[in-house]
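Chemist: predicted model follows, preceded by the sequence.
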Amino acid sequence: MARETILIIEDDSDLREGLHFSFVGDGYEVLDAGTKRQGLYEIKKGVCDLVLLDCNLPDGTGFELCKEIRSFSKVPVIMLTARDTEMDEIKALELGVDDYLSKPFSLGVLKARIKRLLDRKTEPAKLVFGELAIDKNTCRVYKNGEEIVLSRQEYKLLLYLLENKNHVLSKEQILSHIWDHEGKFVDPNTVSVNISRLRTKVEDNASEPKHIKTIHGIGYIWNGD
């Protein structure tokens, strides 16, 4: 069985070499590139199973490169960035990035996300829940055929609710699944704030939601067929 190939596009040679060594130790084939031009050349060979893409490169940005990649390939892309802003996350998702990780990051978390994306090849790429449709290849969400833009956390929260539809999820379960696994301190109000934001985007009437229901004192449930 052929080994899966990861392409690292990163201008920090120390980080690139460290990741290369670690991934080879895990049994992957690894390709390296230090510039946007070199990365695009490797991707066009068609041998990559996943791309690890730095946001800032000497001859361009990861956003620019991702746009070029998506013009001809659906290869999974994880973007690494030193900037941690919602606008960057939204921009990355709009361009078709599959996942987004801020530096400094946990190597264990990165490897888990890589494995998830590589394993996803065997899963259905598109999910439909009533008026909502999710393209898991591009992390894009559509309501009645119109795209709605979600942040990375909102997308992950929506997917978690949908994959557990008609089952109550406690705040603790949601925190653990979406946030705490990254080893970050999370404010207790994080779940309710993100639920509120998500409702404004996916519900017809956020003040009277028909899908994302609050189960008082317990958590939340996606109510739907």
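Modeler: Cool, the structure landed. Residues are numbered from 1 along each chain as shown.
Chemist: show me where the chain has its strands.
Modeler: In the chain, the strands defined using DSSP state E lie at 5-9, 29-33, 50-54, 56-57, 60-61, 77-81, 99-102, 126-129, 132-135, 140-143, 146-148, 169-170, 212-215, 219-222.
Chemist: which helices and strands sit right next to the second one?
Modeler: The reference is to strand 29-33. Counting contacts by 3 or more C-beta pairs under 8 Å, 6 or more residues apart in numbering; DSSP states H and E, strand 29-33 packs against strand 5-9, helix 13-25, helix 36-43. All C-beta spots, glycine's among them, are computed from the backbone N, C-alpha and C.
Chemist: show me the beta-bridge partners of the residue positioned nearest the centre of the chain.
Modeler: Nearest residue to the geometric centre of the chain (C-alpha atoms, centre = their mean): Asp99, 2.6 Å. Beta-bridge partners recorded for Asp99 (DSSP bridges): Ile78.
Chemist: what's near enough to touch it?
Modeler: Neighbour list for Asp99: Pro76, Val77, Ile78, Met79, Arg113, Leu117, Cys139, Arg152 [criterion: C-beta atoms under 8 Å, 6 or more residues apart in numbering].
Chemist: so which of these sits lowest on pLDDT?
Modeler: For the contacts of Asp99, the weakest pLDDT value sits at Cys139, with 80.
Chemist: so how far is Ile90 from it?
Modeler: For Cys139, the distance to Ile90 equals 11 Å [C-beta to C-beta, to the nearest Å].
Chemist: who's more crowded, the two?
Modeler: Neighbours around Cys139 and Ile90, counted as other C-beta atoms under 10 Å, are more numerous at Cys139. The numbers are 20 against 17.
Chemist: contact partners for that one?
Modeler: Counting by C-beta under 8 Å, 6+ apart, Cys139 touches Leu93, Gly96, Val97, Asp98, Asp99, Arg152, Tyr155.
Chemist: and Lys67, by the same measure?
Modeler: Leu95, Gly96.
Chemist: mind running it again at 6 Å?
Modeler: Leu95 (C-beta atoms under 6 Å, 6 or more residues apart in numbering).
Chemist: ok, the one 10 residues further on next?
Modeler: By C-beta under 6 Å, 6+ apart, the residues touching Val77 are Val51, Leu53, Cys66, Val97, Asp98.
Chemist: try Arg199
Modeler: Contact analysis of Arg199 by C-beta under 6 Å, 6+ apart lists Ala206, Pro209, Ile212.
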